[in-house]
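K.L.:
Provided below are the primary sequence and the corresponding predicted coordinates.
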Amino acid sequence: MSLRPAPPDIAPVRAFLQGLQTGLVRDLEAVDGAAKFIGEELGLPGGGKSRPRVLQGGERLEKAAVQFTHSVGAALPPAATERNPHLAGRPFQAVAVSVIVHPRTPYAPTAHMNLRFFLVDTGDASTAGAHWHFGGGFDLTPCYAFLADVLHWHRVARDAAGEHYEAMKQACDEYFYLPHRGETRGVGGLFFDDWREGGFEASFALAKAIGNAFVDAYLPILRRRLDTPWGEREERWQLIRRGRYAEFNLALDRGTRYGLQSGRRVESVLASLPPRAAWVHDHRPEEGSPEAALKGFLRARDWLGGDGPD
């Protein structure tokens, strides 16, 4: 009788993501210097757990959220099976960390990172009864773009993803795109989904490398821009750009749909939204202004190959 491989153990992935959350909370509190994350420990149906951490009204960070969730469900939600329709309705477990940072100054970019692992009961004995995959990545959304920041961001992303950088960068550019605006959400980064390449250990190692790289990619940029003075004009532009961010999250993001479909707490699902945003009718930045210059950054480019904005 042949022995089939056992399904992966979710425990080490859960432990890594919880440790990543703890470290990010510590690092972001140090950046703000005053505000602290509010933490909760919430039980979820089926034996899962939610560990939300939210900072609001900081001196330097207007809002930040670092959310850990371990979901256990009887039926995988539709948003999680768009690329795997054969898994629809199957029992599953998922562990994830989702991070969003909205700095107070308009000159510091918003950053987002997510890592997730799904383990699905397929009911198929030929696959040890389980399907698994990793997903996630990170992306950067400036209001005022600086080429030095973008290059640093992508260099760290390339170092983390290695040979997979080009494919993950392209996937990020394609995913974080607002078709109704004809622009990307920001300057990209890494995005991967349904990742199983090389088997569980190799996939887990890659996910860890990307998760650990987020601090190295973002904090130097954040610290560089936090003390840049700004006025009413810059803040107004920041709120308009945050409106575009909210449009993507509410209208297009699969993660938002998955969270709502899986019955997660609404406050946690929508924690990524900016605390303030604005929609100004037919707003057009003044030609030649720093605000107008952002448009040149909001399309897919080979940043590390010298394809910078015009």
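P.N.:
Yep, that arrived.
K.L.:
any idea which residue sits dead centre in the protein?
P.N.:
Nearest residue to the geometric centre of the chain (C-alpha atoms, centre = their mean): Met113, 3.0 Å.
K.L.:
tally of neighbours for the closest residue to Arg276 other than its chain neighbours?
P.N.:
Nearest residue to Arg276, sequence neighbours excluded (C-beta to C-beta, 6 or more residues apart in numbering): Leu239, at 5.8 Å. Bear in mind the C-beta positions are built from the backbone N, C-alpha and C, glycine included. Leu239: 17 surrounding residues under other C-beta atoms under 10 Å.
K.L.:
Shouldn't Leu239 be within a helix?
P.N.:
Yes - under DSSP: H, G, I helix; E, B strand; the rest coil, Leu239 sits within a helix.
K.L.:
Return the distance of it relative to Asp159.
P.N.:
Going from Leu239 to Asp159 by C-beta to C-beta, to the nearest Å gives 34 Å.
K.L.:
Please enumerate the helices of the stretch 101-250 of the chain.
P.N.:
Under the criterion DSSP state H, counting those that start in this stretch, the stretch 101-250 of the chain contains helices at 147-161, 165-175, 200-225, 232-251.
K.L.:
I'd like the average pLDDT over the last one.
P.N.:
What that stands for is helix 232-251. Averaging pLDDT along helix 232-251 yields 97.
K.L.:
Helix 165-175 and that helix, what's the angle between them?
P.N.:
Using axes from the mean of the first three to the mean of the last three C-alpha atoms, to 10 degrees, the direction of helix 232-251 lies 90 degrees away from that of helix 165-175.
K.L.:
Need the CA coordinates for helix 232-251. CSV is fine.
P.N.:
The C-alpha coordinates for helix 232-251 follow below in CSV (Å, rounded to 0.1, in the frame of the first residue of the first chain):
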residue,chain,number,x,y,z
GLU,A,232,-3.4,72.9,3.6
ARG,A,233,-2.7,72.3,-0.1
GLU,A,234,-0.8,69.1,0.5
GLU,A,235,-3.4,67.8,3.0
ARG,A,236,-6.2,68.5,0.5
TRP,A,237,-4.3,66.5,-2.1
GLN,A,238,-3.7,63.7,0.4
LEU,A,239,-7.4,63.3,1.1
ILE,A,240,-8.2,63.2,-2.6
ARG,A,241,-5.6,60.5,-3.2
ARG,A,242,-6.9,58.6,-0.2
GLY,A,243,-10.3,58.6,-1.9
ARG,A,244,-8.8,56.6,-4.7
TYR,A,245,-7.3,54.2,-2.2
ALA,A,246,-10.8,53.7,-0.7
GLU,A,247,-12.3,53.2,-4.1
PHE,A,248,-10.0,50.3,-4.8
ASN,A,249,-10.5,48.6,-1.4
LEU,A,250,-14.3,48.9,-1.5
ALA,A,251,-15.0,48.2,-5.2
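K.L.:
quick one: that helix to chain centroid distance?
P.N.:
Taking the mean of its C-alpha atoms, helix 232-251 sits 17 Å from the chain's own mean (C-alpha atoms, centre = their mean, to the nearest Å).
K.L.:
Flag every buried residue along it.
P.N.:
234-235, 237-245, 247-249 (16 or more other C-beta atoms under 10 Å).
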